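K.L.:
Quick one, structure for this:
(chains A and B)
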Amino acid sequence: DGGITQSPKYLFRKEGQNVTLSCEQNLNHDAMYWYRQDPGQGLRLIYYSQIVNDFQKGDIAEGYSVSREKKESFPLTVTSAQKNPTAFYLCASSIWDGSPGTQYFGPGTRLLVL
Amino acid sequence: EDKVVQSPLSLVVHEGDTVTLNCSYEVTNFRSLLWYKQEKKAPTFLFMLTSSGIEKKSGRLSSILDKKELFSILNITATQTGDSAVYLCAVEAGSNYQLIWGAGTKLIIKP
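P.N.:
Numbers count the residues shown, from 1 in each chain, chains lettered A, B, ... in the order given. Model prediction:
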């Protein structure tokens, strides 16, 4: 079955700790995205990548880092510099024909701070 | 600043009712408008609209775009409890055509 998987489903972070959220897709999509969703707000773009070994900052990249070493994988690290990390994190992918078009989403990871 | 505004923020109706959800936008370099349904986790794609006045339809759901007045509506007829979800609107726009998201409309269908 083709799709996007995210792990873990829930993640707990201690003060000062870096944590990494996994995102894998087998849709052969070029582009991948990370969003943050807070209650009552729209999705906000953290980082996106249109091609392997390249990525761009979104609207709220501070305190986050990513890598794109393989087409299928786009992990997100929430660093200790992100002071308010509690949120629902969604990964998405799409074909890239000059614009994102229809994006397909993973099931999300809920990050909580201890 | 590009923005997408959805209304109402929440809506409670009874099964069988018809609902209309709104999405208005102010963006530069508009390319398309998309509707997604988010139940508990992953948003799932409903429609992509690029041309004014052409209705897209899927079962009891339909949507239309007005590029002159800068809005779209999503209609759901004969609602069912399974339609309960957050409906998200996103606009593909800007210099790099990223998606700009509205805050969503939370729809609750009572049996």
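K.L.:
So in terms of bridging, what pairs with residue 19?
P.N.:
With no chain named, the answer covers chain A. Beta-bridge partners of residue A:19, counted by DSSP bridges, are residue A:78.
K.L.:
my bad, chain B
P.N.:
Beta-bridge partners for residue B:19, by DSSP bridges, are residue B:76.
K.L.:
give the contact list for it.
P.N.:
Shown in contact with residue B:19 (Cβ atoms under 8 Å, 6 or more residues apart in numbering or on different chains): B:11, B:13, B:75-76, B:79, B:107. (C-beta placed from N, C-alpha, C; glycine too.)
K.L.:
do residue B:106 as well
P.N.:
With Cβ under 8 Å, 6+ apart, residue B:106 has these contacts: B:9-11, B:85-86.
K.L.:
can we see that at 10 Å?
P.N.:
A:40, B:6, B:8-12, B:38, B:84-87 (Cβ atoms under 10 Å, 6 or more residues apart in numbering or on different chains).
K.L.:
With residue B:2 instead?
P.N.:
By Cβ under 10 Å, 6+ apart, the residues touching residue B:2 are B:25-30, B:91, B:93-94, B:98, B:100.
K.L.:
Narrow the residues you listed to those that are buried.
P.N.:
B:25, B:27, B:30, B:91, B:93-94, B:98, B:100 (16 or more other Cβ atoms under 10 Å in any protein chain shown).
K.L.:
Chain A next: which of those residues are close?
P.N.:
Among those, the residues within reach of chain A (Cβ under 10 Å from any Cβ of the partner chain) are B:93-94, B:98, B:100.
K.L.:
Format those as TSV; extra columns: pLDDT and secondary structure.
P.N.:
Shown next, in TSV, are those (pLDDT from 0 to 100; DSSP: H, G, I helix; E, B strand; the rest coil):
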residue	pLDDT	secondary structure
B:93	87	strand
B:94	78	coil
B:98	83	strand
B:100	91	strand
